[in-house]
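# Show me how the following folds:
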Amino acid sequence: VEVSGSDVPAPARSFDDLSLHSILNDNIRQCRFTVPTLVQKYAIPICLAARDLMACAQTGSGKTAAFCFPIIEGILREPVPGREGRRRVSIPLALILSPTRELAQQASIELSLPISFSFIADEAFKFCYQTGVRVGVVYGGTRLWSDNLGGVDILVATPGRLNDLLDREMVELQKLKYLTLDEADRMLDMGFEPQIRRIVEESGMPGAELRQTLMFSATFPKKIQRLAGEFLRKDYVFLAIGEVGSSTSRIEQEVIFVQRNQKYDCLGMVIDRQQMHGTKNNVRKTLVFVGTKLKADDLEIWLRSRGYVAIAIHGDKTQEERRRALKSFKSGSTPLLVATEVASRGIDIPDVSHVINFDLPTNIDDYVHRIGRTGRAGKRGFATALFCDGDAPLAHKLVHLLESCNQQVPDWLIQKAAESS
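Now for the predicted structure:
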């Protein structure tokens, strides 16, 4: 753990140490949160002390709750009178920006209590349950209902959709007190910096000194450092859990060298080997990453033709198709999910046993985020990469990553790294 900044609050040993509102504490217990994760132990006290925070932590470390709890607590501590009457225009107290519709949906689910796994999950509240704090989520691909925005205290949004709402004068940010950028590195990688800057700098949002700003990211490249310097107060706290940009040691990684025309057969062998260890009541969920939307569809067809229960998800799918695919995969009824980058960040899919990089990404950060779908919440995971000659530019950084996590490095990969250097 690395913490830098002046007068940083001490980490919490338990949720009871945080002195949260009694209703919020009850909701935390109902959701079976017993011991805070490392990022929660450090981040929540910092946020509760009204400090700005730049936090870097591995995927699956519990970052969402780390910013949700303090935001809810802050709103409960200082309720704003008159918010019941806001109907036609949303004037949120807190804004959470997320890069993709799935992640925005996930953040809103973190805030809503699934009393049962039915439509009432969208109606009820999880951490906000019975607090009176209202949560709304907006993202592209769905019909916009203005009535759903009225009276919202916490708005979870993707940058593009939020700019649309600002243009339509359906959202006002003049009274905003809490700004969170979730998966900030991912948003910049996807080209959202202009939209984010417009939201922060041109929407009438209070300046950095008048709001609390929280940034969460798995990596800390120069572009994120620059953004933190501009959006956060000068005395912000920097928090890093583990080696920034590294994968967790709980994930056992293997890299298989394969000719491009043999990848499909190799994939079948890898899936068969992993699923041999599952049982009827313990289906091993496997997430397969590919490089293109066309490849995702082709691979789904290939897998189904050979008797595997599989489904694909990518950006050209409708929102309803993507929702059904994720629900089917999460429940285990479809144990194989073929995905492009759209599913590689932040979506909490419990109990993913195996991540397979059928196509390796072009940079090591994306590799880290992909395999971070397994080995979550203290559990062990397994990751397989199918490496072709065309992946040689990634070899050097892949070797370094494997060595930093005490993983076995194949001799051929070391040779590829030397050749590519």
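
# can we go C-alpha only for contacts and neighbour counts from here?
Will do.

# Check whether L360 really touches Y367, as I assumed.
Yes. Between L360 and Y367 a contact is recorded at 7.2 Å, counting by Cα atoms under 8 Å.

# anything in contact with each of the two?
Counting by Cα atoms under 8 Å, 6 or more residues apart in numbering, L360 and Y367 have no common neighbour.

# Packing partners of the strand or helix carrying R370?
Following DSSP states H and E, one finds R370 within helix 364-371. Under the contact criterion of 3 or more Cα pairs under 8 Å, 6 or more residues apart in numbering; DSSP states H and E, helix 364-371 touches strand 352-357.

# and the angle from the strand it packs on to helix 364-371?
Relative orientation of strand 352-357 and helix 364-371, computed by axes from the mean of the first three to the mean of the last three Cα atoms, to 10 degrees: 150 degrees.

# Mind exporting the C-alpha coordinates of strand 352-357 to CSV?
Output in CSV follows, covering the C-alpha atoms of strand 352-357 (Å, rounded to 0.1, in the frame of the first residue of the first chain):
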residue,chain,number,x,y,z
VAL,A,352,-15.4,-16.4,-13.3
SER,A,353,-13.0,-19.3,-13.1
HIS,A,354,-11.1,-18.8,-16.3
VAL,A,355,-10.2,-16.0,-18.7
ILE,A,356,-8.9,-16.9,-22.1
ASN,A,357,-7.3,-14.3,-24.4
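
# Mind giving me the packing neighbours of it?
So strand 352-357, by 3+ Cα pairs under 8 Å, 6+ apart, packs with strand 285-289, helix 364-371, strand 381-387.

# and the second one, C-alpha only, in CSV?
Read that as helix 364-371. Taking C-alpha atoms only, helix 364-371 is exported to CSV below (Å, rounded to 0.1, in the frame of the first residue of the first chain):
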residue,chain,number,x,y,z
ILE,A,364,-0.2,-4.8,-21.4
ASP,A,365,-2.7,-2.7,-19.4
ASP,A,366,-5.6,-4.1,-21.4
TYR,A,367,-4.3,-7.6,-20.7
VAL,A,368,-4.2,-6.9,-17.0
HIS,A,369,-7.8,-5.6,-17.1
ARG,A,370,-9.0,-8.6,-19.0
ILE,A,371,-7.5,-11.3,-16.7
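
# pLDDT averaged over it - what is it?
When pLDDT is averaged along helix 364-371, the result is 85.

# just the last one next, same as before
Predicted confidence along strand 381-387 averages 95 (mean pLDDT).

# could you say what helices and strands the biggest helix by length in the chain packs with?
Once the chain is assigned using DSSP state H, the helix that runs over the most residues is helix 63-77. Secondary-structure packing of helix 63-77 (3+ Cα pairs under 8 Å, 6+ apart): helix 22-30, helix 38-48, helix 101-110.

# By mean pLDDT, show me the worst of the ones you listed.
Sorting the helices and strands packed on helix 63-77 by mean pLDDT places helix 101-110 lowest, at a mean of 56.

# To V133, which of the helices and strands packed on strand 352-357 lies closest?
helix 364-371 (31.7 Å; Cα to Cα).

# Flag every buried residue along the helix or strand hosting G160.
Per DSSP H and E, G160 falls inside helix 159-167. Across helix 159-167, burial judged by 16 or more other Cα atoms under 10 Å covers P159, G160, R161, L162, N163, L165.

# got it, and stretch 291-299?
Result for stretch 291-299 [16+ other Cα under 10 Å]: buried residues G291, K293, K295, A296, D297, L299.

# Send me it as PDB with only the CA atoms.
Extracted in PDB, the C-alpha atoms of stretch 291-299 (Å, rounded to 0.1, in the frame of the first residue of the first chain):
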ATOM      1  CA  GLY A 291     -10.200  -8.600 -31.000                       C
ATOM      2  CA  THR A 292     -13.100  -7.800 -33.200                       C
ATOM      3  CA  LYS A 293     -16.900  -7.900 -33.200                       C
ATOM      4  CA  LEU A 294     -16.900 -10.200 -36.200                       C
ATOM      5  CA  LYS A 295     -14.600 -12.600 -34.500                       C
ATOM      6  CA  ALA A 296     -16.900 -12.700 -31.400                       C
ATOM      7  CA  ASP A 297     -19.800 -13.700 -33.600                       C
ATOM      8  CA  ASP A 298     -17.800 -16.300 -35.500                       C
ATOM      9  CA  LEU A 299     -16.400 -17.800 -32.400                       C
END
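
# quick one: average pLDDT of the helix holding G160?
So the average pLDDT for helix 159-167 ends up being 91.

# quick one: strands adjacent to the helix or strand that it is followed by?
Following helix 159-167 in sequence order, the next helix or strand is strand 178-181 (DSSP H and E). Within its sheet, strand 178-181 is paired with strand 94-97 (parallel), strand 212-217 (parallel), according to DSSP bridges.

# Buried residues in strand 178-181, which are they?
Within strand 178-181, the residues scored as buried using 16+ other Cα under 10 Å are Y178, L179, T180, L181.

# Surely the second one is in contact with F216?
Which is L179. No. Using Cα under 8 Å, L179 and F216 do not qualify as a contacting pair, with a distance of 11.2 Å.

# related to what we said a few turns ago, nearest to L155, out of the strands paired with strand 178-181?
Closest approach to L155 among the strands paired with strand 178-181 (Cα to Cα): strand 94-97, 4.9 Å.

# who touches the closest one?
By Cα under 8 Å, 6+ apart, the list of residues contacting strand 94-97 reads 71, 104, 153-159, 176-182.

# do that again at 7 Å, thanks
Residues outside strand 94-97 that contact it (Cα atoms under 7 Å, 6 or more residues apart in numbering) are 153-159, 176-182.

# Counting neighbours, what do you get for K416?
Neighbourhood size, K416 [other Cα atoms under 10 Å]: 18.

# Remind me what whichever strand or helix holds it packs against, helices and strands.
Per DSSP H and E: K416 is located in helix 411-420. Under the contact criterion of 3 or more Cα pairs under 7 Å, 6 or more residues apart in numbering; DSSP states H and E, helix 411-420 touches helix 395-404.

# May I have the helix it packs on exported as CSV, CA atoms only?
Provided in CSV are the C-alpha atoms of helix 395-404 (Å, rounded to 0.1, in the frame of the first residue of the first chain):
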residue,chain,number,x,y,z
ALA,A,395,6.3,-10.3,-25.4
HIS,A,396,8.7,-8.1,-23.4
LYS,A,397,6.1,-6.5,-21.2
LEU,A,398,4.3,-9.9,-20.8
VAL,A,399,7.5,-11.5,-19.5
HIS,A,400,8.0,-8.6,-17.0
LEU,A,401,4.4,-9.0,-15.8
LEU,A,402,4.6,-12.7,-15.3
GLU,A,403,7.9,-12.4,-13.5
SER,A,404,6.5,-9.7,-11.2
